[in-house]
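Participant: Here is my input, please return the structure:
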Amino acid sequence: MNIKITSAEIDRKIARLKADISRIQNRFPVLESNLSTRDSQAVPAGAVKPDTVGAKKFAKLTVELNQKTQLLKELEEALRAPLVAHLKLINGKAKTYTMDADDVIYYAFEKEENLKASGVTVKNLVGAEAWHRPAGKSGCNAHAKASGPSITTYIEIRRVADGWRLVHAERSKCYVNQNAFEKVIVSPAANDNIIQKATKNITVRTS
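Facilitator: Numbering: from 1, shown residues only. Predicted coordinates:
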């Protein structure tokens with residue numbers, strides 16, 4: 001299994017589209033203001049009225065905005081679709097304690113930020129793995145003994161050059177008050193980064 005969770009290539013395209021959409025949206029207030037202010041001066045015969053020119057620009061921008069918004073939606077759905085479909089297959093109808101596509105994407109971003117904060121360079125992120133199963137629901141001891149397990153999701157994700165991939169997912173169980181399970185695996189180079197940052201201001205006594 002090698003399902004995209006994040007993709008640097010697609011993320012760049014999405015960021016570019018969002019910037020274009022924002023640029024277009026910022027132009028609308030000016031055009032709307034121009035359209036609402038009619039030119040009271042006489043217009044020479046055969047000349048195009050200023051408000052007519054503004055209306056055409058407004059219509060052209062509206063078409064461009066709609067096209068880019070649709071393309072953005074298609075890109076985001078194309079990236080998420082395989083992940084959404086696979087997790088739905090794994091989780092079935094269970095939702096309360098399972099991980100859906102949004103949960104997995106958030107978890108991947110969280111692991112990336114945590115590793116970077118620990119000192120791991122972008123280059124040495126490649127090869128990192130994270131295994132995770134959410135915690136069980138909270139409850140008193142009596143409730144815990146009486147309750148059966150809840151359906152949850154166990155995932156394994158791996159960092160490649162382009163982003164994070166889901167390499168394994170399965171239906172699992174979690175019990176009341178059971179802690180979340182997590183295991184993070186990094187390369188020797190990434191481990192060196194972490195140690196270097198953790199011991200940056202520490203000097204070992206030699207005597």
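Participant: alpha carbons only for contacts and neighbour counts from here, please
Facilitator: Noted.
Participant: Following the chain onward from the longest helix along the chain, which element is next?
Facilitator: In the chain, ranked by residue count with DSSP state H as the criterion, the top helix is helix 50-91. Once helix 50-91 ends, the next helix or strand along the chain (criterion: DSSP states H and E) is helix 101-117.
Participant: Check which residues of that following helix are buried.
Facilitator: Going by neighbour count (16 or more other CA atoms under 10 Å), the buried part of helix 101-117 is 101, 104-105, 107-108, 111-112, 115-116.
Participant: now Val204, what's its secondary structure?
Facilitator: Using DSSP: H, G, I helix; E, B strand; the rest coil, the structure places Val204 in coil.
Participant: Follow the chain on from the lowest-mean-pLDDT helix or strand in the chain and name the next helix or strand.
Facilitator: Counting by mean pLDDT, DSSP states H and E, the chain has its least confident helix or strand at helix 141-146, which shows a mean of 63. Note on helix 141-146: by DSSP H and E, the next helix or strand toward the C-terminus is strand 150-160.
Participant: Keeping just the C-alphas, turn stretch 8-17 into PDB.
Facilitator: What follows is stretch 8-17, C-alpha atoms only, in PDB (Å, rounded to 0.1, in the frame of the first residue of the first chain):
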ATOM      1  CA  ALA A   8       4.600  18.600  -2.100                       C
ATOM      2  CA  GLU A   9       3.900  18.800  -5.800                       C
ATOM      3  CA  ILE A  10       0.100  19.000  -5.400                       C
ATOM      4  CA  ASP A  11       0.500  21.300  -2.400                       C
ATOM      5  CA  ARG A  12       2.500  23.700  -4.500                       C
ATOM      6  CA  LYS A  13      -0.200  23.700  -7.200                       C
ATOM      7  CA  ILE A  14      -2.900  24.200  -4.500                       C
ATOM      8  CA  ALA A  15      -0.900  27.100  -2.900                       C
ATOM      9  CA  ARG A  16      -0.500  28.800  -6.300                       C
ATOM     10  CA  LEU A  17      -4.300  28.500  -7.100                       C
END
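Participant: What's the mean pLDDT across it?
Facilitator: For stretch 8-17, mean pLDDT is 91.
Participant: quick one: contacts of it?
Facilitator: Residues from elsewhere that reach stretch 8-17, judged by CA atoms under 8 Å, 6 or more residues apart in numbering: 68-69, 72, 75-76, 79, 162-163.
Participant: What sits closest to the most centrally placed residue in the chain if chain neighbours are left out?
Facilitator: Central residue of the chain (CA atoms, centre = their mean): Ile105, 5.2 Å from the mean position. Among residues not flanking Ile105 along the chain, Ile5 sits closest, at 5.8 Å (CA to CA, 6 or more residues apart in numbering).
Participant: pretty sure that neighbour is touching Arg165, no?
Facilitator: Yes: judged on CA atoms under 8 Å, Ile5 makes contact with Arg165 at a distance of 5.2 Å.
Participant: any weak-confidence spans in this structure?
Facilitator: Residues of the chain meeting the criterion pLDDT under 70: 31-54, 141-146.
Participant: repeat that with 80
Facilitator: Low-confidence segments of the chain (pLDDT under 80): 28-55, 58, 139-147, 207.
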